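[1] Quick one: sequence and predicted model below, then my questions.
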Number of protein chains: 2
Amino acid sequence: MIFLATVAITTYHLNSTTSYSDAEKEVTDVATVKKPKASPNMYKEMPKYIKKLQHTIVNELEKLEGVGGGKFVWDSWLRPEGGEGISCVLQDGNVFEKAGVNVSVVHGNLPAAMEKQMRARKKEGSVCHPHNPNAPTVHFNYRYFELRDKDDNSVDGGFFTKKSDPKAWWFGGGCDLTPSYLYEEDAKHFHQVIKQECDKNDLSYYPKFKKWCDEYFYIPHRQEARGVGGIFFDDLEDKDSDIIFKFVQDCGNSFLRSYIPIMQKRKDMPFTEEMKIWQQLRRGRYVEFNLVYDRGTKFGLATPGARIESILMSLPLTSRWQFKHEPAFHSREQEMLEVLKTPRNWI
Amino acid sequence: MIFLATVAITTYHLNSTTSYSDAEKEVTDVATVKKPKASPNMYKEMPKYIKKLQHTIVNELEKLEGVGGGKFVWDSWLRPEGGEGISCVLQDGNVFEKAGVNVSVVHGNLPAAMEKQMRARKKEGSVCHPHNPNAPTVHFNYRYFELRDKDDNSVDGGFFTKKSDPKAWWFGGGCDLTPSYLYEEDAKHFHQVIKQECDKNDLSYYPKFKKWCDEYFYIPHRQEARGVGGIFFDDLEDKDSDIIFKFVQDCGNSFLRSYIPIMQKRKDMPFTEEMKIWQQLRRGRYVEFNLVYDRGTKFGLATPGARIESILMSLPLTSRWQFKHEPAFHSREQEMLEVLKTPRNWI
């Protein structure tokens, strides 16, 4: 364990803002000899890619907002302990109640106190919450994490130079869909797009990561899933890092293809006041998951000096808790609940 | 520790719905010889008192709602493992967005798995969230807890009979005020009423319990208090249980006197859309405290078969999270924040 105090940590990930929260690796792994090849420059390649992706996504989401619609506010920040980030947030637009696309590149030493929390995962991050109850919330998050010897971490005016390969590295991420009302075709489309990208890279990925997603985004006290699924993966390091990076890029690049067509169909559909209330109740469940169960959020909140605003960016603009709300028999609300109680495969 | 498996637990408390959550005693205390006298019938007296108090409070809150105003819905329940409860909830009334007054009388055996959690506190419970941003949210909670030998816990058609004194017992509770906008006179009035009741019973109570309240209802990641304070106490067992019961009744009976006059002044005050938004943001903080820090809520959610609706009854009907909201310089919102960052004594 002493070893950890001597390594420097560098994280490069989209939609995450503090480094330690993404320290998702079992400490013992650090000492393990890795067979897959590390890419010495991933610490530069991953941020380059995710910053580009951030721009693409922000542009497309703004297009969806239409003329006179909401614009993202860019908020870039420097972490005193090392690292930088760019939070993009759109609030109360035409289409989105709240949407955030967040990039962070964080590096620093791992405090001894963090060792026990090393498996904590951070899932706060980019979330789009639309106004229209027919339109689903989406969340995605891709990240790269590496551990290096302390003396290999030289920072010079914001530019990093590394002398050797990282001691350990891994990728994590995924994306998932949370509708208030079920449109089977939307859930199918969303999963189809992701499955295609998974299958291109490894046929074992999709079934494994879809299951992982259903298990991770689950609210035990409600006995229901947060949404209809997607993919979730972590500690991915079974192939050369270049190969996994390619997979992560395929996933990242497919995000707009999986979500925008759904939004185009749903964003202007008529809805009633009752539907809006149901959506707000579902948003309340989203808050419950993120504040009570999401390991990264919990860990982020417990980190002194953490950027609370970024950690809680994933929370909806508005939400609701109503005592003993029960959907009517055979209603669309009940239909939605049933799907959340028994996750489906969709394809 | 084996000892615990052989005792039965009976709790009688206002505003709480599962027994184990209120098991707030260090396990080792069970074996300690208690000097203060236990009242053999407290398990009957406390529920009788709190049920009466529930009726009084519900009536007075409904009066505040006025003609055509909201009415409380009474929801009584039986716990399969033992116990009963009555949840009263008013939603979307004239004055209150959401108000709940909850009584529970729970008994059962203490599972071995609960031992470690014995210090968990349950703070969900009666909360009144008004519509008007000038009117404060209030929370109060009083509870009695006792441990008895298993064979001393005979239940017969809902009536309990006990042969001997409890092996251990204690009281806990308190009340606290959470305004969105500061009215010093309200904070002073609220504290004055409570202080008077404390002083009548023990001059050391008020300073100790006010401090405890400020410390307990604190949101570390925001570095601010949830509200302007009140009192909070726990593990109270330093005097004969009849004497502490008298103190608890004084507190309970003073609730309406501490809150209703404030509501009468504030409930019909004019307010702007901006004030409503600020109130909703403050409600978001309330949710953050309850879901992330409140030991009882966390413990309740983790208890299999817990009544989730009752545990989360304290959450506001509506709330809001806005990225990087910052009150204007010298605004009333900033004034409120400053008070929350530096708790005051008020009297």
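    Happy to help now that I have it. Since we're looking at a predicted model, the values are computed, not measured. Numbering: from 1, shown residues only, chains lettered A, B, ... in the order given.
[2] can you give me the strands for chain A?
    Secondary structure of chain A by DSSP state E: the strands cover A:7-14, A:73-78, A:83-91, A:96-109, A:126-130, A:137-149, A:154-156, A:159-161, A:168-178, A:218-219, A:224-225, A:229-236, A:318-320.
[3] Quick one: list the elements packing against the fourth one.
    It stands for strand A:96-109. strand A:7-14, helix A:42-65, strand A:83-91, strand A:126-130 (3 or more Cβ pairs under 8 Å, 6 or more residues apart in numbering or on different chains; DSSP states H and E). For glycine as for every other residue, the C-beta is placed from the backbone atoms N, C-alpha and C.
[4] between the ones you listed, which gets nearest to chain B?
    strand A:83-91 (4.3 Å; Cβ to the nearest Cβ).
[5] So which bits of the stretch 201-347 of chain A are right by chain B?
    A:220-222, A:280, A:284, A:287-288, A:291-292, A:298, A:301-302, A:306, A:308-309, A:311-313, A:315-324 (Cβ under 8 Å from any Cβ of the partner chain).
[6] filter these to the buried ones?
    A:221-222, A:280, A:284, A:287-288, A:291-292, A:298, A:301, A:306, A:308-309, A:311-313, A:315-323 (16 or more other Cβ atoms under 10 Å in any protein chain shown).
[7] Just the pLDDT at the residue of the stretch 101-250 of chain A found nearest chain B, thanks.
    At 4.3 Å from chain B, A:His221 is the closest residue in the stretch 101-250 of chain A, using Cβ to the nearest Cβ. Reading off the confidence values, A:His221 has pLDDT 95.
[8] ok, the nearest residue to it once chain neighbours are set aside - contacts?
    Spatially, and ignoring its direct neighbours in sequence, A:His221 is nearest to B:Leu301 (4.3 Å; Cβ to Cβ, 6 or more residues apart in numbering or on different chains). Contacts for B:Leu301 were tallied using Cβ atoms under 8 Å, 6 or more residues apart in numbering or on different chains; they are A:220-221, A:292, B:308, B:311.
[9] of these, closest to B:Lys37?
    Among the contacts of B:Leu301, B:Ile311 lies closest to B:Lys37 (Cβ to Cβ), at 33.5 Å.
[10] which residue sits closest to that closest one in space, ignoring its chain neighbours?
    Using Cβ to Cβ, 6+ apart, the closest residue to B:Ile311 is B:Gly300 (4.0 Å).
[11] go on, A:Leu61?
    A:Ala99 (5.8 Å).
[12] Go ahead and confirm A:Gly82 touches A:Val106.
    Yes: checked against Cβ atoms under 8 Å, the pair A:Gly82 and A:Val106 is within contact range at 6.8 Å.
[13] on that earlier part again, for the residue nearest to B:Ile311, grab the count of nearby residues.
    Around B:Gly300 there are 26 other residues, counting by other Cβ atoms under 10 Å in any protein chain shown.
[14] Distance of it relative to B:Ile262?
    29 Å (Cβ to Cβ, to the nearest Å).
[15] any low-confidence regions in the stretch 151-300 of chain A?
    A:151-163 (pLDDT under 70).
[16] swap the cut-off to 90 and go again
    The stretch 151-300 of chain A contains residues with pLDDT under 90 at A:151-170, A:294-300.
[17] That one: helices as residue ranges?
    With helices called from DSSP state H, counting those that start in this stretch, the stretch 151-300 of chain A shows them at A:184-201, A:205-216, A:241-266, A:273-288, A:295-302.
[18] could I get the fourth one in PDB with only the CA atoms?
    To tie it back to what came earlier, the one meant is helix A:273-288. Presented in PDB, the C-alpha positions along helix A:273-288 are these (Å, rounded to 0.1, in the frame of the first residue of the first chain):
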ATOM      1  CA  GLU A 273     -50.100  18.300 -17.100                       C
ATOM      2  CA  GLU A 274     -50.400  14.800 -15.700                       C
ATOM      3  CA  MET A 275     -47.600  13.600 -17.900                       C
ATOM      4  CA  LYS A 276     -45.400  16.400 -16.700                       C
ATOM      5  CA  ILE A 277     -46.000  15.400 -13.100                       C
ATOM      6  CA  TRP A 278     -45.200  11.800 -13.800                       C
ATOM      7  CA  GLN A 279     -41.900  13.000 -15.500                       C
ATOM      8  CA  GLN A 280     -41.100  15.000 -12.400                       C
ATOM      9  CA  LEU A 281     -41.700  12.000 -10.200                       C
ATOM     10  CA  ARG A 282     -39.400  10.000 -12.400                       C
ATOM     11  CA  ARG A 283     -36.800  12.800 -12.000                       C
ATOM     12  CA  GLY A 284     -37.100  12.400  -8.300                       C
ATOM     13  CA  ARG A 285     -36.100   8.700  -8.700                       C
ATOM     14  CA  TYR A 286     -33.100   9.900 -10.700                       C
ATOM     15  CA  VAL A 287     -32.100  12.100  -7.800                       C
ATOM     16  CA  GLU A 288     -32.500   9.200  -5.400                       C
END
